[in-house]
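In: take a look and give me a structure for this.
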Amino acid sequence: MQEYRTDYQTHYYGNDYYSSYNYDYRKILSNLHELRNVLTNYDRLREKLEKEGGNLDTLKHLNYCLTKKIVIDRNYPRDCSLTEISSIINWLDDYNIYLDVRRMEDTGLPIYLLARASETNDKIIIETFYQSKGYPVIDRRYLKLVHFGKERHFINMSVFRKSAKEIYKLDDNEIDELLVKIANLYFIPCWHIDQRIPFLISDMFKLKYFKSALELLYLILLGDLSTIRSNYNSEINVFFKLVYPQKAINRLSKKLNTLNGDGLVDLNRKALIHYKNLQKIFNQLLILDVNNGQFYKYLFANLFNPDVLKTGIKNKSAINAKVKQLDNISMNIIKEFI
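Out: Now for the predicted structure:
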């Protein structure tokens with residue numbers, strides 16, 4: 001069987017037809033360098049225009065950035081510009097790299113996110129190469145990107161990449177594997193897009209236990225505890241101590257080694273009971289009267305205005321009492337399981 005190589009892929013031909021993406025990480029970065037430079041220059045001009053205004057020269061420079069030809073693949077020379085965004089997106093898609101484009105609400109100008117998904121699970125973003133200032137990310141656990149014309153939510157493990165590299169001292173491919181492993185074992189089951197409001201409330205009121213308890217319950221109910229038990233090691237222990245401190249999940253992972261099959265079933269049964277109780281208290285919080293309306297309506301109306309959320313609540317005493325109850329119950333849940 002013969003072999004020929006490009007910078008990114010190893011292709012085989014002969015009796016057996018096969019191709020695989022064994023791309024060189026550094027080569028991809030070098031090819032993205034020109035694209036990132038153009039995005040940086042464009043955003044610098046856009047921000048200046050938004051803050052200070054501009055003249056005809058400013059608009060000319062802005063247009064130059066948008067229409068400047070960028071060489072995407074130096075092995076297969078072809079160029080395109082930000083005005084030919086579909087061409088760029090189609091090429092990047094071969095390498096699980098996404099260029100997402102949004103428009104600023106006030107100016108209508110485009111803003112960008114450039115990120116890379118895992119080869120083994122394309123629902124996991126493992127690295128962010130570029131993000132325009134003002135690009136909308138409501139919940140840092142997820143990135144909402146357009147793929148083949150449809151919006152999808154991706155687990156955002158790229159937020160852990162920098163600290164993981166500093167702590168583990170691993171190369172880029174090893175960091176990729178670690179982030180994907182932890183996402184598959186833990187974050188895909190314990191994170192859910194419907195947790196946005198509970199997590200927002202946890203952050204608003206600086207709750208100590210609620211978010212951890214919610215992640216713990218989701219992990220028990222939706223995670224593969226047997227696989228977690230067999231894969232838990234010192235790397236995962238360090239991750240939940242230093243990269244993403246989550247004492248409850250870390251201790252549960254250690255405890256799983258002491259449980260047999262019946263113990264795992266009982267764990268799931270208890271978690272379901274606690275989840276229903278926690279949900280009941282949380283729903284009581286959402287329907288409390290604040291600012292001449294129910295609390296959940298106030299939350300959704302100000303979802304994109306965190307300053308208003310924190311300072312604009314009236315009838316705080318009832319809210320604070322229910323929030324305190326929610327956090328106390330969460331503390332007891334964690335104590336029971338770990």
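
In: the nearest residue to Asn320 once chain neighbours are set aside: what's it in contact with?
Out: Among residues not flanking Asn320 along the chain, Phe205 sits closest, at 7.6 Å (Cβ to Cβ, 6 or more residues apart in numbering). Where you see a C-beta, it was placed from the backbone N, CA and C, and this is true even at glycine. By Cβ atoms under 8 Å, 6 or more residues apart in numbering, the contact set of Phe205 is 320, 323, 327.

In: any chance you could read off phi and psi for Phe205?
Out: phi -100, psi 10 (degrees, to the nearest 10).

In: could you tell me how far it is located from Ala271?
Out: 24 Å (Cβ to Cβ, to the nearest Å).

In: swap in Val238?
Out: Counting by Cβ to Cβ - Val238 and Ala271 are separated by 26 Å.

In: do Gly223 as well
Out: Taken as Cβ to Cβ, the span from Gly223 to Ala271 is 10 Å.

In: what of Asn55?
Out: 62 Å.

In: comparing these two, which residue is more hemmed in?
Out: Neighbours were counted for Asn55 and for Ala271 using other Cβ atoms under 10 Å; Ala271 has more, 20 against 8.

In: helix or strand for that one, which one?
Out: Secondary structure from DSSP states H and E places Ala271 in helix 261-286.

In: what is the mean pLDDT for the helix or strand just after that helix?
Out: Using DSSP H and E, the next helix or strand after helix 261-286 towards the C-terminus is strand 289-290. Strand 289-290 shows a mean pLDDT of 82.

In: name every strand pairing with strand 289-290 and say which way it goes.
Out: strand 293-294 (antiparallel) (DSSP bridges).

In: and the following helix or strand past the partner strand, what's its mean pLDDT?
Out: Downstream of strand 293-294, the first helix or strand assigned by DSSP H and E is helix 295-301. The average pLDDT within helix 295-301 is 83.

In: same thing with stretch 256-269?
Out: Stretch 256-269 carries an average pLDDT of 93.

In: run through who's touching it.
Out: Contact with stretch 256-269 is made by 220-221, 225-226, 228-229, 232, 337, as judged by Cβ under 8 Å, 6+ apart.

In: now, the most widely separated pair of those?
Out: Leu221 and Tyr232 (18.4 Å; Cβ to Cβ).
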